[in-house]
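here's a sequence, model it:
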Amino acid sequence: MRKYQLIVLLAISFFTLQCVETLITVNVFQDGNYHMQFQSKGDKEDVYDLDFPIPKQDPWLYKTSKMNNQDGGDSIYVANSEAILSGATIFHPIQEGPGVQRHPIIVKKQKSTFSTSYELLKVFSGRKVQQKYPLLAKVMFNASSDSIDLLIETEIIMYCLKMGMQDLQGKYSIKDLTRERILNHFKGVFYKAEEEGNLFGILNSSSNIEKNKFVIPKSLIKTNFRPFENLLPLNYVSDCIKAMAPYIKEANITVSLNDDTYKFACTLPGRIAHSNADSTSNDTLWWSFSTQDFLNDDYVIEAASVVYYKTNIQRMVVASALVVLLVLIFISKKRKRS
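A predicted model of the protein is given here:
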């Protein structure tokens with residue numbers, strides 16, 4: 001049963017066509033403020049989940065709507081949010097945990113005598129899938145890797161266990177050797193179960209199984225901590241399970257985001273000085289990308305523009321010419337006197 005659930009999870013996440021399409025637009029004004037808008041479209045469950053939450057709190061104006069699917073399928077749900085902003089906007093601070101997708105933006109304005117420059121930088125933080133769970137990364141980048149699907153869940157559990165224990169070091173001082181022994185013990189348990197063909201048997205014996213979600217096998221965790229009880233403080237195991245929760249959530253969000261696509265459009269005052277946009281339409285810069293573009297490394301959007309003050313430049317040219325003329329007249333008069 002557990003094997004079936006994992007295969008279903010991977011199939012739904014990697015091969016479904018019901019992805020979310022998100023359009024993000026930014027219009028920078030001459031005063032340096034900017035209007036930002038998010039619009040996400042998809043099925044109801046995906047649009048309203050918290051995998052890629054669009055802002056709802058003040059100063060954001062948030063609204064939802066529903067539209068008919070022209071292809072005759074289920075209705076398309078739309079979430080829209082917009083606001084006037086300035087400077088840097090973080091969206092999701094680090095205190096919200098490792099799972100949520102971070103995508104901060106910063107817009108800068110710099111004024112000088114002859115021009116004003118504008119810079120826009122937006123970063124979709126890389127989820128570092130290859131570093132955290134290499135087997136999952138292999139499947140996400142190569143959907144034909146069916147032979148390793150059965151090991152993905154244990155890889156994710158081991159990562160969550162490692163990070164949970166690491167986060168508890170501030171509360172409990174556990175020797176590095178003890179932590180290493182515990183992690184090696186769990187690796188051995190999973191390896192033995194795989195060799196005996198009982199990998200999903202031991203996972204299925206755990207409670208709290210959720211449909212289409214990776215979960216923490218609490219019973220398995222508690223059972224395999226028992227050989228180390230005399231080396232661990234009271235309540236350590238229960239606290240470790242709690243500490244693992246943000247990391248299992250992170251893995252589920254990563255998988256759920258896999259099919260999502262994005263478009264980013266922006267306008268800046270003046271002439272575009274440089275950008276890494278995919279294309280330009282009239283005065284609008286466009287980027288098109290998907291979650292796969294930031295599964296490992298950051299996806300960076302950057303653009304800059306400049307507004308020149310022609311009157312000030314003309315005045316400078318005239319003033320410079322007058323200075324040169326006066327210098328020439330002075331030199332000429334001096335030569336005549338000599």
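
look up how far Ser125 lies from the nearest residue to Pro104 once chain neighbours are set aside.
Leaving aside its sequence neighbours, Pro104 sits nearest to Ile90 (Cβ to Cβ, 6 or more residues apart in numbering; 5.0 Å). Yep, even glycine has a C-beta here, placed from its N, CA and C like the rest. Distance of Ile90 to Ser125, computed by Cβ to Cβ, to the nearest Å: 11 Å.

settle it for me: which of the two has more neighbours?
Higher neighbour count among Ile90 and Ser125: Ser125, with 15 against 11, using other Cβ atoms under 10 Å.

wait, that one sits on Val100?
No. In this structure, Ser125 is not within contact of Val100 by Cβ atoms under 8 Å, at 9.8 Å.

just for the stretch 51-200 of the chain, where's the confidence low?
Judged by pLDDT under 70, the stretch 51-200 of the chain has its weakly predicted residues at 71-73, 143-150, 197-200.

one more pass at 50, please.
144-148 (pLDDT under 50).

quick one, strands of it?
For the stretch 51-200 of the chain, the strands defined by DSSP state E, counting those that start in this stretch occupy 61-67, 76-85, 88-89, 105-111, 115-124.

which one of the ones you listed lies closest to Glu21?
Comparing those by their distance to Glu21 (Cβ to Cβ), the top pick is strand 76-85, with 9.5 Å.

now the closest one against strand 105-111, angle please.
Orientation check (axes from the mean of the first three to the mean of the last three Cα atoms, to 10 degrees): strand 76-85 against strand 105-111 gives 30 degrees.

helices and strands around strand 76-85, which ones?
The elements that strand 76-85 packs onto, with contact taken as 3 or more Cβ pairs under 8 Å, 6 or more residues apart in numbering; DSSP states H and E, are strand 34-42, helix 44-48, strand 61-67.

can you tell me which of these is packed in deepest?
Each of the helices and strands packed on strand 76-85 was given a mean neighbour count from mean count of other Cβ atoms under 10 Å, and the largest, a mean of 19, is that of strand 34-42.

okay, now the sheet partners of that one, with direction.
With DSSP bridges as the criterion, the sheet partners recorded for strand 34-42 are strand 21-28 (antiparallel), strand 76-85 (antiparallel).

give me the angle between it and strand 61-67.
30 degrees.

for the nearest residue to Val100 once chain neighbours are set aside, what are phi and psi?
Nearest residue to Val100, sequence neighbours excluded (Cβ to Cβ, 6+ apart): His92, at 4.6 Å. When read as degrees, to the nearest 10, the backbone of His92 gives phi -130, psi 100.

quick check: His92 vs Lys213, distance?
Separation of His92 from Lys213 (Cβ to Cβ): 21 Å.

likewise for Pro227?
Using Cβ to Cβ, we find Pro227 at a distance of 29 Å from Lys213.

of the two, who's got more company?
With neighbours defined as other Cβ under 10 Å, Pro227 and Lys213 compare such that Lys213 has more, 15 against 11.

give the contact list for the residue nearest to Val100.
Each residue near His92 by Cβ atoms under 8 Å, 6 or more residues apart in numbering is listed here: 53, 100-103.

report how many residues lie close to the nearest residue to Pro53 once chain neighbours are set aside.
Among residues not flanking Pro53 along the chain, Val100 sits closest, at 7.0 Å (Cβ to Cβ, 6+ apart). Other residues within reach of Val100 by the criterion other Cβ under 10 Å amount to 20.

with distance to Gln130 as added columns, please give the strands of the stretch 51-200 of the chain in TSV.
Formatted as TSV, those follow (distance: least, Cβ to Cβ, whole Å):
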stretch	distance to Gln130
strand 61-67	35
strand 76-85	31
strand 88-89	29
strand 105-111	26
strand 115-124	16
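
looking at those strands, which is nearest to Met244?
Closest to Met244 of the strands of the stretch 51-200 of the chain is strand 115-124 (Cβ to Cβ; 25.5 Å).

any low-confidence regions in the stretch 201-338 of the chain?
Residues of the stretch 201-338 of the chain that meet the cut-off, pLDDT under 50, sit at 207-209.

ok, the residue most central in space within the chain - contacts?
Nearest residue to the geometric centre of the chain (Cα atoms, centre = their mean): Gln101, 3.5 Å. By Cβ under 8 Å, 6+ apart, the contact list for Gln101 reads 51-52, 92, 124-125, 127, 253, 257.

excluding its backbone neighbours, what's nearest Pro227?
Leaving aside its sequence neighbours, Pro227 sits nearest to His185 (Cβ to Cβ, 6+ apart; 6.9 Å).
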